[in-house]
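**Student:** Need a 3D model of the sequence below.
(one chain, ligands or ions: 2)
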Amino acid sequence: MGSMKFSANLGFLWNDRPLPEAIRAAKDAGFDAVECHWPYAVPASEVKVALKEAGLRMLGLNTSRGNVSVGENGLSALPGREPEARAAIDQAIEYATEISAKAIHVMAGNSSGPRARSAFIENLIYASEKAGPDITILIEPLNHYNAPGYFLSTVEQAADIIRTVAKPNLKMMFDFYHVQIMGGDVTRRFEANLPLIGHVQIASVPDRGSPDHGELDYSFALRRVRELGWSSPIGAEYLPANGAVPDLAWLATFKN
Ligand SMILES: O=C(O)[C@@H](O)C(=O)CO
Ligand SMILES: [Mg+2]
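**Tutor:** Ligands and ions are numbered 1, 2, ... in the order given. Here you go, the predicted structure:
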């Protein structure tokens, strides 16, 4: 696929190591960038040093999910929880600013209906304005097996929200793994939503493993992504088959 770039998602890859060590492992493995889920337990100053030493950019991090022990998966589409949602957004912006991260995924949470939609829209306006033009705010449709009850589940719903909020730095995280499960037709839907897409992620379907097997042919899908002009690193967000150390044979094949 020539000159495709890839970002290691350290929420899943090398997630048994402290984040600075995972950043170094990603560099040694040949990744072009990194991204993570929830880095907040590690001081941003340590992550900043590790990124500088590795010469890698942190492409994205997520807002806090809230109370994970009771199943919370984000706060921004929960009516009545605006103060906590905005505190999570502030925390993410502060962390992202310190490490010069490119994007923040604002997690919606488990909810539905018009009040949830209004809360999400208002919180996304807050996030987009507060983040400023150097940080992209992302929203990500998640599939209903991994995230049952999550507010945002389809690309079309995300596109509607992005158009309603109408802020230039609000975009969609297009995770092919979720999009394939929630209706497929992935390359057409990628093309149709291209102007609204801010980051791309991949994993095999249905097992969420390395992107070289399963029902979705990434050698085709990523060629199409590239033909459509996408040049930023693609997020490798998969669960390694042998624990946290990833199977990486696919990386050399897809990069060349
Ligand atoms: O696809 C996912 O699950 C992630 O991109 C994420 O940020 C939510 O956990
Ligand atoms: Mg994802």
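**Student:** switch to C-alpha atoms for all contacts and neighbour counts from now on
**Tutor:** Fine.
**Student:** which stretches of the stretch 151-256 of the chain form helices?
**Tutor:** Chain-ordered helices for the stretch 151-256 of the chain, with DSSP state H, counting those that start in this stretch as the definition, fall at 155-165, 176-181, 186-193, 218-227, 249-255.
**Student:** how about the longest one: buried residues?
**Tutor:** Of the residues in helix 155-165, those buried under the neighbour-count criterion (16 or more other Cα atoms under 10 Å) are 155, 158, 159, 161, 162, 165.
**Student:** these two touch, right, the fifth one and residue 170?
**Tutor:** Yes. Residue 162 lies in contact with residue 170 (Cα atoms under 8 Å); the separation is 6.4 Å.
**Student:** So the residue of the chain most remote from its centre versus residue 195, what's the distance?
**Tutor:** No residue in the chain sits farther from the centre than residue 80, which is 25.5 Å out by Cα atoms, centre = their mean. To residue 195, residue 80 is 32 Å away according to Cα to Cα, to the nearest Å.
**Student:** Tell me which of the helices of the stretch 151-256 of the chain is the most buried.
**Tutor:** When you average the neighbours per residue for each of the helices of the stretch 151-256 of the chain (mean count of other Cα atoms under 10 Å), helix 176-181 leads with a mean of 22.
**Student:** hang on, residue 95 packs against residue 45?
**Tutor:** No. Between residue 95 and residue 45 there is no contact under Cα under 8 Å: 9.2 Å.
**Student:** which regions of this structure lie under the pLDDT threshold?
**Tutor:** Low-confidence segments of the chain (pLDDT under 70): 1-2.
**Student:** one more time with 90
**Tutor:** Where the chain drops to pLDDT under 90, the residues are 1-3, 242-247, 255-256.
**Student:** Quick one: the strands in it, in order.
**Tutor:** 6-9, 33-35, 60-62, 103-105, 136-139, 170-175, 197-202, 234-236 (DSSP state E).
**Student:** The third one pairs with which strands?
**Tutor:** Based on DSSP bridges, the strands next to strand 60-62 in the sheet, each with its direction, are strand 103-105 (parallel).
**Student:** What residues does residue 134 make contact with?
**Tutor:** Contacts were defined as Cα atoms under 8 Å, 6 or more residues apart in numbering; by that measure residue 134 touches residue 102.
**Student:** and the gap between it and residue 59?
**Tutor:** Applying Cα to Cα to residue 134 and residue 59 gives a distance of 12 Å.
**Student:** Which neighbours do those two have in common?
**Tutor:** residue 102.
**Student:** related to what we said a few turns ago, any chance of the buried residues of helix 155-165 in a markdown table, plus distance to residue 235?
**Tutor:** Formatted as a markdown table, those follow (distance: Cα to Cα, whole Å):
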| residue | distance to residue 235 |
| --- | --- |
| 155 | 17 |
| 158 | 19 |
| 159 | 20 |
| 161 | 23 |
| 162 | 21 |
| 165 | 25 |
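**Student:** and the two most separated of the residues you listed?
**Tutor:** Within these, 155 and 165 form the most distant pair, 15.4 Å apart (Cα to Cα).
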